[in-house]
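Chemist: Pasted the sequence and its predicted model underneath.
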Amino acid sequence: MIIRRSISIVITLSLALVFIFVSDMVYAGDELNCVLCHKHRGLSRIDKDGQFRLFYINQELFESGPHRRNKCKDCHSDIDRIPHNPAKEVDCTQQCHIVEPSGNKKFSHKPVAKILENSTHGKLDKNGEPKPYQEDFPSCKSCHDQPLYRPFSIYKGEKVAGISKRAMSRCKSCHTSGDFAEDFYEHVTTRLHKSRYSVETIEVCAKCHQDEGFRERHELDDVITSYKETFHGKMVILGSEKTPDCIDCHVVTGENTHLIESQSVDTSSVHENNLNTTCRTSECHAEAGAMLSSFQTHVTYDREKYPMQFYMLIGFKALMAFVLYFFLTLIFFELLRRLFPKFSFFKEKKIDDYDDILHEIKSSIKQNEQSSDDKNIAPNTSPENPPDSSSGKSPENSPGKTSDKTKSLDDILRGKKE
Amino acid sequence: MSKRYQPIVYKDGKRYFYRFSAHQRVQHVILFTTVITLALTGFPLRHAEESWAKPLYYFMGGPDIAPLIHRAAGTVLLGLFVYHSLYWISLFYKNHILKLKQNNELTVGNFMRELLSLEMVPNKKDLLDIIHLWKYLFYITNRPPRHERMSWREKFDYFAPYWGIPILGPAGVALWWRDEVTHFMPGWVLNAAYIMHTDEALLAVLFLFFVHWYNVHYSPEKFPAATVWLTGYLNEHDMIHEHYNEYIKVMIENGLEDKIKPQNFGGEEYEW
């Protein structure tokens, strides 16, 4: 009995130890132990709107994400008990409990949200009135979908992810304690390099701008498709890192990425007065002339908007259709003709010989011999010694122009045909 | 050309008829090498979203190298175009204009007559041959057309680059020097150049790889490949089939009129 009990105690204790150890591995921010439930891969449900919602949190992804030092409650502030009620959507502009090192204030994404409000993507128009179709305007998460919520995606950005150890060694010489140096390093460097591949940027914009209903509601062209028609788009799809994506042209150099403005606003990078400056930045078309701005990037082959492109395209397609249909039909019937080579509705007489042609050729040669005085053309020259007048055979020469004999010969052959 | 080619040569007891000089064959090799290179480096970009595009493009050098290859091949092709034009113009001058000059017959009318009588220039006979071919294909007649030295198909093949390169070449040059071009031309010219370059290229490639390659590769008589582009000589069977009038003419000129074979359009020749 004692042995049995001691065994059970040992097992219980070791289990408890394991549990404590495991829960200690959970990231520091999880003081409420949310991951206890949310670590289960199948944690999901179908919500009221019939949408499938996944509540699984991949700890590995979360701990290497930008919010790993936030506590769950910093963003999900409406959760006050466990198990909790359905949580509200996270508001990125609220203050979280991270203290900003520069001003010792609590951190918030509000300044960026402010910039977004002033851009063409803001929910309010100039007069502060809500624009129609509010739900179409993007919030933070419309573009910044975290890797956390993308279960099958791998980190984008630099080829070697994480902290450069050599750079770190410089910081570490002074900032010896804690992981401040690592966090600060990451905080700065992630904002210095391109956070998305161009292909991903286009996909982010395409989420709305390629949606047909969205485009109809806002009377917008399919700019994604037209972009992909350009060499810019095609090079980006093929993996070029030098070619512009949406943001490169639609954000004024030096401005915040969130300040994308409508073409009609005169401070926009794609306003007709600013196109010149935008295209002729040092990295792109620096050598270009001022007339480059009349280049049309988002061509939709719409008859009214882009008549030149429309009619050129129609012209080329018609030409292509004509040429190819003509020859492919010809090939088709030619192959078909070989199935019944001997058959024909009308048979020509003397089909299998050329006596009629030959007779005329011979008589014309005789005539020519009589009429021409110095021609030494012998019709019976051996093949090894071709007659001198055979210059008509050199391909550059037009047959039938080099001598009277061949000329009349051609005439006969042609005449026979016609 | 200093070398004189035998109009008929014998190999293994078979007759072969002279068609292309070495000079012309080399031009053809340069032409198709550059065109295939251009297609391989250009079409992955044109169809960037297709699954085959990326592997092929990276095989051809990727976004950094493939455009350089494309431009180099394009330059060679444009050079060949200019060279070939000078080539036939100089031959035309030597063989036709000089003669007119010697006889003091150089008038505009005579000049045009000589120009239009060049073997590559389409003429009324070609139109009649096309009509005749359709008659033959629809079983209205049992005699296939009898072509001259250059059949209308070959003329079309020849003039395809002659209309393609003047469209593709300048457009390609404009897209290459896109920045410089905008100093004296409006930007929408590049829009036009883009359509010209990509759509004409598609037409050219589809025509070459379907129609021209049918004529010289896929067609039952030629499969797997015709050899005239290598040797310059065409065998008797194909000569009879494709250039019967020329065949008769060459045979008579070489004193072989008793060896002339019938056109055999009854179909006996086809043994496949």
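Modeler: Here it is on my side, so go on.
Chemist: do stretch A:318-338 and chain B meet?
Modeler: Yes - remark: stretch A:318-338 sits within contact range of chain B at A:319-320, A:323-324, A:327-328, A:330-331, A:333-338, by C-beta under 8 Å from any C-beta of the partner chain. Every C-beta, even on glycine, is put in place using the N, C-alpha and C of the backbone.
Chemist: Any chance of the residues you listed in JSON lines with neighbour count, distance to A:K242 and secondary structure as columns?
Modeler: JSON lines is the format used below for the residues of stretch A:318-338 next to chain B (neighbours: other C-beta atoms under 10 Å in any protein chain shown; distance: C-beta to C-beta, whole Å; DSSP: H, G, I helix; E, B strand; the rest coil):
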{"residue": "A:L319", "neighbour count": "14", "distance to A:K242": "34", "secondary structure": "helix"}
{"residue": "A:M320", "neighbour count": "17", "distance to A:K242": "32", "secondary structure": "helix"}
{"residue": "A:V323", "neighbour count": "17", "distance to A:K242": "36", "secondary structure": "helix"}
{"residue": "A:L324", "neighbour count": "16", "distance to A:K242": "36", "secondary structure": "helix"}
{"residue": "A:F327", "neighbour count": "19", "distance to A:K242": "40", "secondary structure": "helix"}
{"residue": "A:L328", "neighbour count": "14", "distance to A:K242": "40", "secondary structure": "helix"}
{"residue": "A:L330", "neighbour count": "17", "distance to A:K242": "45", "secondary structure": "helix"}
{"residue": "A:I331", "neighbour count": "16", "distance to A:K242": "43", "secondary structure": "helix"}
{"residue": "A:F333", "neighbour count": "16", "distance to A:K242": "50", "secondary structure": "helix"}
{"residue": "A:E334", "neighbour count": "16", "distance to A:K242": "48", "secondary structure": "helix"}
{"residue": "A:L335", "neighbour count": "14", "distance to A:K242": "48", "secondary structure": "helix"}
{"residue": "A:L336", "neighbour count": "12", "distance to A:K242": "52", "secondary structure": "helix"}
{"residue": "A:R337", "neighbour count": "18", "distance to A:K242": "54", "secondary structure": "helix"}
{"residue": "A:R338", "neighbour count": "14", "distance to A:K242": "53", "secondary structure": "coil"}
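Chemist: how about those residues in a markdown table, adding pLDDT?
Modeler: Formatted as a markdown table, these follow (pLDDT from 0 to 100):
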| residue | pLDDT |
| --- | --- |
| A:L319 | 95 |
| A:M320 | 95 |
| A:V323 | 94 |
| A:L324 | 95 |
| A:F327 | 94 |
| A:L328 | 94 |
| A:L330 | 94 |
| A:I331 | 93 |
| A:F333 | 93 |
| A:E334 | 91 |
| A:L335 | 90 |
| A:L336 | 90 |
| A:R337 | 87 |
| A:R338 | 84 |
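Chemist: From those residues, pick the one nearest B:A73.
Modeler: Nearest to B:A73 out of the residues of stretch A:318-338 next to chain B is A:M320 (C-beta to C-beta; 22.5 Å).
Chemist: you'd agree the closest one is up against B:L203?
Modeler: Yes - under the criterion of C-beta atoms under 8 Å, A:M320 makes contact with B:L203 at 4.5 Å.
Chemist: Output the lowest mean pLDDT helix or strand found in chain A.
Modeler: Least confident helix or strand, chain A: helix A:404-417 with a mean of 48, by mean pLDDT, DSSP states H and E.
Chemist: mind listing what's buried in stretch B:139-155?
Modeler: B:141-155 (16 or more other C-beta atoms under 10 Å in any protein chain shown).
Chemist: Where do the strands of the stretch 101-250 of chain B begin and end?
Modeler: Remark: strands assigned in the stretch 101-250 of chain B by DSSP state E, counting those that start in this stretch are B:233-235.
Chemist: Would you mind checking which of the buried residues of stretch B:139-155 is nearest to chain A?
Modeler: Nearest to chain A, judged by C-beta to the nearest C-beta, of these is B:N142 at 3.5 Å.
Chemist: Setting aside sequence neighbours, what's the nearest residue to that closest one?
Modeler: A:S344 (3.5 Å; C-beta to C-beta, 6 or more residues apart in numbering or on different chains).
Chemist: residues in contact with the one you found?
Modeler: B:139-142 (C-beta atoms under 8 Å, 6 or more residues apart in numbering or on different chains).
Chemist: other SSEs contacting the lengthiest helix in chain B?
Modeler: Using DSSP state H, we find that the single longest helix of chain B is helix B:62-92. Applying 3 or more C-beta pairs under 8 Å, 6 or more residues apart in numbering or on different chains; DSSP states H and E, one finds that helix B:62-92 contacts helix B:22-46, helix B:152-176.
Chemist: Pull out the buried residues from it.
Modeler: Quick answer for helix B:62-92 (16+ other C-beta under 10 Å): B:63, B:66-67, B:69-71, B:73-74, B:76-78, B:80-81, B:84, B:91-92.
Chemist: Just the mean pLDDT for that helix, thanks.
Modeler: For helix B:62-92, the mean pLDDT works out to 95.
Chemist: Spatially nearest residue to the residue of chain B most remote from its centre (excluding sequence neighbours)?
Modeler: Distance from the C-alpha centroid of chain B peaks at B:H183, with 36.6 Å (C-alpha atoms, centre = their mean). Using C-beta to C-beta, 6+ apart and skipping residues adjacent in sequence, the residue nearest B:H183 is A:G289, 3.6 Å away.
Chemist: Verify the contact between that neighbour and B:T182 for me.
Modeler: Yes - counting by C-beta under 8 Å, A:G289 does reach B:T182; the two are 4.0 Å apart.
Chemist: Which one's more surrounded, those two?
Modeler: B:T182 (26 against 18; other C-beta atoms under 10 Å in any protein chain shown).
Chemist: For that one, which residues are in contact?
Modeler: By C-beta under 8 Å, 6+ apart, the neighbours of B:T182 are A:285, A:288-292, A:295, B:190.
Chemist: can you give me phi and psi for it?
Modeler: phi -70, psi 0 (degrees, to the nearest 10).
Chemist: now swap in the one 3 residues further on and tell me
Modeler: According to degrees, to the nearest 10, the main-chain angles of B:M185 amount to phi -140, psi 150.
Chemist: how near is it to chain A?
Modeler: The spacing between B:M185 and chain A, counted by C-beta to the nearest C-beta, to the nearest Å, is 7 Å.
Chemist: Could you find the closest non-adjacent residue to that residue?
Modeler: Among residues not flanking B:M185 along the chain, A:M291 sits closest, at 6.7 Å (C-beta to C-beta, 6+ apart).
Chemist: thought that neighbour was touching B:H183?
Modeler: Yes - the pair A:M291 and B:H183 qualifies as a contact (C-beta under 8 Å) at a distance of 7.3 Å.
Chemist: Check the gap between the residue sitting nearest the centre point of chain B and chain A for me.
Modeler: Centroid-nearest residue in chain B: B:Y158, 3.2 Å away (criterion: C-alpha atoms, centre = their mean). Counting by C-beta to the nearest C-beta, the gap from B:Y158 to chain A is 11 Å.
Chemist: what do you get for B:I252?
Modeler: The gap separating B:I252 from chain A is 6 Å, by C-beta to the nearest C-beta.
Chemist: Return the residues in contact with B:L56.
Modeler: B:L56 makes contact with B:40, B:43-44 under the criterion C-beta under 8 Å, 6+ apart.
Chemist: Go again with 10 Å.
Modeler: A:238, B:40-41, B:43-45, B:47, B:50, B:66 (C-beta atoms under 10 Å, 6 or more residues apart in numbering or on different chains).
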